[in-house]
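> below: sequence and its predicted model.
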Amino acid sequence: MSWGRGVRKKASRQQLPNVEAFDPKIIAEVRALFGKVKAYVKPGNEEWCIPDPNEVLKHPAQEHIRLQTLKKSLNKVKNRLSDKDLEVWHQHTNSTNRAGKVIATVRAIADAEICTQAWCKFYEILGTFNLLPKDALRSGELNTVHLCEAPGAFIAALNHYLKTSEHTRYCDWSWVANTLNPYHEASGGGTAITDDRLISSTLPWWFFGSDDTGDLMSQKHLLELHRFVGNMRRVDVVTADGSFDCQGNPDEQEALVASLHYCEAVAALVLLGPGGSLVLKMFTLYEHSSVCLLYLLNCCFRSVSVFKPATSKAGNSEVYVVCLHYDDKEAARPLLSKLLRHYGPDLAAREALFPSQLLPQSFLEQHEQVCVYFHALQVDTIEENLRLFEGLSEEQRKRLECLRDCTAQEYLQRFQVRFLPRSHWLSCNSVTPACCSVKVGKPPGQSKQTGSFNQRRELLALGWRERVGKGCYAAWVEEHCSKDSGAGWVLPGPLAGCDINSWFVVVGAALSAVRNSSFCDGGLLNHLNEALEQTALESGTDSSAAWTGAPSCSSCSLVCTASILTEVAALCTGEGDRKCLVFGRTLWCGERVEGLTLEFCSETLFQPPVRTPLHDGEPQYQRNLVHCVLDSLNRMGPGDALLLPLLSAFTRVTAAIVLCLHLSFRSVTFRVPAPQGVLLMCVGFCPEAATRILAPLGDLQERMDCLNSGEEGSGSQPPAGKRQILQFVPMEELLKEGLIKFLWTMNSTIARQQLHLLMQA
């Protein structure tokens, strides 16, 4: 029986066939999928014990010959995939994946929140191991910490499990999550997950630290997190699901993520209370760093198992290390103290955690058996997929479909997956998340990875212009801007439903570049930054000079200033002339329109900097912008208009300035009259509405001035000159649907126009 597209609508009435109705051979194969686990067995003589801290991080790493042989063998098999088109190969492996129907089935039956592969994997772990300590369940109080957790599927799965299981339904659950801040502008390079569907509605439970980055690999961040969870009676469970994008060098995935795994494990040992549990995602376990880490965990927990969930794609290297019943932290304290002193992103790149001679032979033998077992599972799956890639017979296809149907039903029955009303979801009072709400204007057919591994490697060897020209953004960039850019995109106001009393200032390390934005397409921003940097290298100048040298383009349809003034005059209502404040006199030289009195502001007051990868994140630019807006709001009368040039609104500070204008005017829109940025057209000033934001903006200006002068900052904080204001309006307000769609469209227009001009240079 195959589940079609209509399954969700019929889920309440339709039932999958019982597992026992399938062929016994099918059932046996399916149940084996849920038993891919190897447990370490400690000898009874206490041979496995925490090594002397004085021997830690002092000796060079040593290769384990048999494990390296497994690594070479696996990479040899994986390299056979290098010429396969990624999209075609994924479609094929999805069709052969025995657990490929589990996600859709769980969505249909349980209506689970963030029902992704990660959700299904963690729900499977919860149903396979006694992960929740019995003492916590008996007391009715459960406290969990989730590291590297974005987008939050583990938390959503645990919420579903607690609220639908009979023995946990009345448990008082508290949780805290950490991840790289998806809203921090410096989080780039494919490290931060921008999917904020849960984060946006549960922000108070997410800890990003005093620097606002959420970087777990910072010692300061870990110590702050430890203090942050200090109000919990004890931490019962820690999950760590972190990884990096290693698609550029898949053969060395384990080595590339080794430092992150160390930091996650050390963080868990610092945070957990006695009897607590840890779930740590790892990959292959061949390197000395992994051997040492597994030995450390075996010394600290009574039970350690390596588990490959059925819902984890069988052809990848992913495994979960499940550690139960954390022994008394006091025994590990001397070692933890030393590990904390050396904690950081290069921890695993230093000397070995433990020298080889301190690792018992009995442990090494068991570890090798674990590696051999999971190596065989992965190699067998890849080789089967390669065979089936050549062609599936009808009999093979039917058998695979039967296996997939049986696996989905086995999952439901084995883990007792039940329906949970949406009112019990964590995001039941959700704002619209940035990642999900903005669909307008995205390039058609956008895909994160396309072509084969070999083709992607060849593409990386090309210049940036060729990569853009051959990529999924090519047609979108070629369209760049037109006279209609901004038309139809209006923020009607003044916006009333904004809680200004909730505004607060976030200060962090000064941005070196804007690599990430919640208000623009990430791939487009990456292309623009690379264009600025590479053009500067080509010309032998800095990126700002490269930008100022970019030529104008005869094909760009820019709106003339006369038509803008005519449009503003038509939008202004009431008797008599209306005043229009204008920044940038040279752009409007000689322009006049009946019914509109132009008042030009000082040229020196608002001097946009030349383009760099900092964009609107440059602190001086933000100070000038705040000054301009405050000055304007204090000078205008009812119904007046404002024409304000804007470089971009990639950062939270500049996006919040646009919100302030949305709160103060009857309408806000944008036009593209010049190559650098856009022009904000704000019409119908409402003094009563604007009065609400004068005090917050005044306070913001004072804080910015203090940071600029070096008066703010003390203690362990970076010097004031190296810090800046990163946010002054809560993200919940900036993520509201009308505003974020406006910002996304405006910023995409800016980025496409700039990238187009740089490609012509």
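Great, that's in hand.
> mind checking how far the stretch of helix or strand residue 371 belongs to is from the chain centre?
Using DSSP states H and E, the element containing residue 371 is helix 361-389. The chain centre lies 31 Å from the centre of helix 361-389; the measure is Cα atoms, centre = their mean, to the nearest Å.
> does anything pack onto it? Which helices or strands?
Using 3 or more Cβ pairs under 8 Å, 6 or more residues apart in numbering; DSSP states H and E, the elements in contact with helix 361-389 are strand 37-39, helix 65-78, helix 86-96, helix 288-300. C-beta here means a position set from N, CA and C on the backbone, and glycine is covered the same way.
> can you redo these as a markdown table with mean pLDDT, distance to residue 654 and mean neighbour count?
Output for those, formatted as a markdown table (pLDDT from 0 to 100; distance: least, Cβ to Cβ, whole Å; neighbours: other Cβ atoms under 10 Å):
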| stretch | mean pLDDT | distance to residue 654 | mean neighbour count |
| --- | --- | --- | --- |
| strand 37-39 | 98 | 50 | 16 |
| helix 65-78 | 96 | 44 | 15 |
| helix 86-96 | 92 | 36 | 15 |
| helix 288-300 | 95 | 42 | 23 |
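> which one, of these, ends up nearest to residue 415?
The closest of the helices and strands packed on helix 361-389 to residue 415 is strand 37-39. By Cβ to Cβ, the value is 15.1 Å.
> minimum distance to residue 733: which of the helices and strands packed on helix 361-389 has it?
helix 86-96 (37.8 Å).
> give the next helix or strand downstream of the closest one.
helix 102-110.
> quick check: longest strand of the chain.
strand 272-282 (DSSP state E).
> so for that one, what gets flagged as buried?
Using 16 or more other Cβ atoms under 10 Å as the test for burial, strand 272-282 gives 272-273, 275-282.
> repeat that for stretch 682-699.
682-686, 689-690, 692-693, 696-697.
> give me the contacts around that stretch.
Stretch 682-699 is contacted from outside by 493-494, 496, 500, 503, 505, 568, 571-573, 626, 629-630, 633-634, 636-644, 660-661, 663-668, 728, using Cβ atoms under 8 Å, 6 or more residues apart in numbering.
> taking these one by one, which sit in helices?
568, 571, 626, 629-630, 633-634, 660-661, 663-664 (DSSP state H).
> would you mind checking these for buried ones?
568, 571, 626, 629-630, 633, 660-661, 663-664.
> any chance of TSV for those residues, columns pLDDT and distance to residue 167?
As requested, those are exported to TSV (pLDDT from 0 to 100; distance: Cβ to Cβ, whole Å):
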residue	pLDDT	distance to residue 167
568	87	66
571	84	63
626	95	55
629	95	56
630	95	58
633	95	58
660	97	51
661	97	54
663	97	49
664	97	54
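> which two from these end up farthest apart in space?
571 and 626 (25.4 Å).
> pull the contacting residues for residue 78.
250-251, 382.
> neighbour-wise, which of those leads?
residue 382 (19 neighbours; other Cβ atoms under 10 Å).
> thinking that residue is in contact with residue 313, fair?
No - contact criterion Cβ atoms under 8 Å: residue 382 and residue 313 do not qualify, at 10.7 Å.
> what number of residues lie near residue 737?
12.
> mind pulling the model confidence for it?
Residue 737 carries a pLDDT value of 86.
> low-confidence regions, the stretch 401-550 of the chain specifically.
Applying pLDDT under 70 to the stretch 401-550 of the chain flags the ranges 429-461, 480-487, 539-550.
> any chance you could map the helices in it?
Remark: helices assigned in the stretch 401-550 of the chain by DSSP state H, counting those that start in this stretch are 434-437, 453-460, 464-470, 474-479, 522-539, 543-548.
> next one: stretch 149-167 to chain centre, how far?
The mean C-alpha position of stretch 149-167 is separated from the chain mean by 19 Å, Cα atoms, centre = their mean.
> ignore what I typed, I meant stretch 148-166.
Using Cα atoms, centre = their mean, the mean C-alpha position of stretch 148-166 is found 18 Å from that of the whole chain.
> likewise stretch 744-759?
Per Cα atoms, centre = their mean, the centroid offset for stretch 744-759 relative to its chain is 23 Å.
> repeat that for stretch 234-245.
Computed by Cα atoms, centre = their mean, the chain-centroid distance of stretch 234-245 equals 15 Å.
> quick one, phi/psi of residue 63?
Main-chain dihedrals, residue 63, degrees, to the nearest 10: phi -70, psi 140.
> so what's it up against?
Residues in contact with residue 63 (Cβ under 8 Å, 6+ apart) are residue 288.
> for it, give its distance to residue 379.
21 Å (Cβ to Cβ, to the nearest Å).
> residue 146 now?
The gap separating residue 146 from residue 379 is 32 Å, by Cβ to Cβ.
> of those two, who's got more company?
Legend: neighbour count by other Cβ under 10 Å for residue 146 and residue 379, higher for residue 146 (25 against 17).
> wait, isn't the more buried one in contact with residue 177?
Yes - counting by Cβ under 8 Å, residue 177 is a contact partner of residue 146 at 4.3 Å.
> anything in contact with each of those two?
Contact criterion Cβ under 8 Å, 6+ apart; residues shared by residue 146 and residue 177: 152, 155.
> center of the protein - which residue?
residue 193 (1.5 Å; Cα atoms, centre = their mean).
> tell me the SS of the nearest residue to that one once chain neighbours are set aside?
Closest residue to residue 193 apart from its sequence neighbours, by Cβ to Cβ, 6 or more residues apart in numbering: residue 150 at 4.0 Å. The three-state assignment at residue 150 reads coil, by DSSP: H, G, I helix; E, B strand; the rest coil.
> any idea of the pLDDT on residue 150?
So, for residue 150, pLDDT stands at 91.
> in terms of contact, does it touch residue 179 like I think?
Yes - between residue 150 and residue 179 there is a contact under Cβ under 8 Å: 3.9 Å.
> shared neighbours of the two, anything?
Contacts common to residue 150 and residue 179, judged by Cβ under 8 Å, 6+ apart, are 192-193, 199.
> in a markdown table: these, plus pLDDT.
Listed next are these as a markdown table, based on pLDDT from 0 to 100:
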| residue | pLDDT |
| --- | --- |
| 192 | 75 |
| 193 | 81 |
| 199 | 93 |
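> surely residue 59 touches residue 353?
No - in this structure, residue 59 is not within contact of residue 353 by Cβ under 8 Å, at 9.3 Å.
> neighbour count winner among the two?
Using other Cβ under 10 Å, the more surrounded residue of residue 59 and residue 353 is residue 353, with 28 against 15.
> got a pLDDT number for the more buried one?
90.
> check contacts around the closest residue in space to it that isn't next to it in sequence.
Nearest residue to residue 353 in three dimensions, chain neighbours excluded: residue 292, at 3.8 Å (Cβ to Cβ, 6+ apart). By Cβ under 8 Å, 6+ apart, the contact list for residue 292 reads 352-354, 359.
> helix or strand for the residue nearest to residue 489 when sequence neighbours are not counted, which one?
Distance criterion Cβ to Cβ, 6+ apart; nearest residue to residue 489, sequence neighbours excluded, is residue 745 at 5.2 Å. Using DSSP H and E, residue 745 falls within helix 737-760.
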